[in-house]
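In: test case, fold it:
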Amino acid sequence: MSNYLIAFIPFILFYFLARMMMDRANRKLEPEKKAEMVDLFSNRSPMRYVWLALLMGGLYAVWQAELLDLNYTLAFYFAGLIVYSVFYGRKSVSLLKANNFPPDYIRAYLSATLFQWAGIAFLVFGMILVRNG
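Out: Numbers count the residues shown, from 1 in each chain. Next comes the predicted model:
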């Protein structure tokens, strides 16, 4: 088994835990709120995906061209993901609060988001540790 795959396993586990948390929170919502949530989040700006694609494309380009050491490349990528996540996470929470979603649901949303980012942190730092031996 590849050492990089070992770094990927915690990411998968944290991702599934976050999904389970959100599924449980979604089951507690009233049907009207579920429909409202779909409407709110389906109208999001496609620009968020452009920024994410640029971030991922930049990581790939720097990695393949070996412009920076892998450790620095991953650190910059992770920092970019944090900025991206905080910016769009705040927008999402503000949107949920503005539309009177239950505080329990908002807490579950924030917890699931933190679990996803913990998984990404394990992945990035695991890759750095594997690379450095």
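
In: residues contacting stretch 108-117, please?
Out: Defining contact as Cβ atoms under 8 Å, 6 or more residues apart in numbering, one finds that stretch 108-117 is touched by 14-15, 17-19, 21-22, 24-25, 81-82, 85, 89, 92-93, 96. Glycine gets a C-beta too; all of them are placed from N, C-alpha and C.

In: try it again at 10 Å.
Out: 11, 13-26, 28-29, 37, 78, 81-82, 85-86, 88-89, 92-93, 96, 101-102 (Cβ atoms under 10 Å, 6 or more residues apart in numbering).

In: before we move on, what about stretch 38-46?
Out: With contacts defined as Cβ under 10 Å, 6+ apart, stretch 38-46 is touched by Lys33, Trp51, Tyr88, Lys91, Ser92, Leu95, Leu96, Ala98, Asn99, Phe101.

In: over to the fourth one. Which of the three states is it?
Out: Classification of Lys91 using DSSP: H, G, I helix; E, B strand; the rest coil returns helix.

In: please renumber the chain so that the first residue is 144 from this point on.
Out: New numbering, starting at 144: the last item is Lys234.

In: and it, how close does it get to Tyr147?
Out: Counting by Cβ to Cβ, to the nearest Å, the gap from Lys234 to Tyr147 is 33 Å.

In: the fifth one now?
Out: Applying Cβ to Cβ, one obtains 31 Å for the distance of Ser235 from Tyr147.

In: cool, the third one as well?
Out: Between Tyr231 and Tyr147 the computed distance is 28 Å (Cβ to Cβ).
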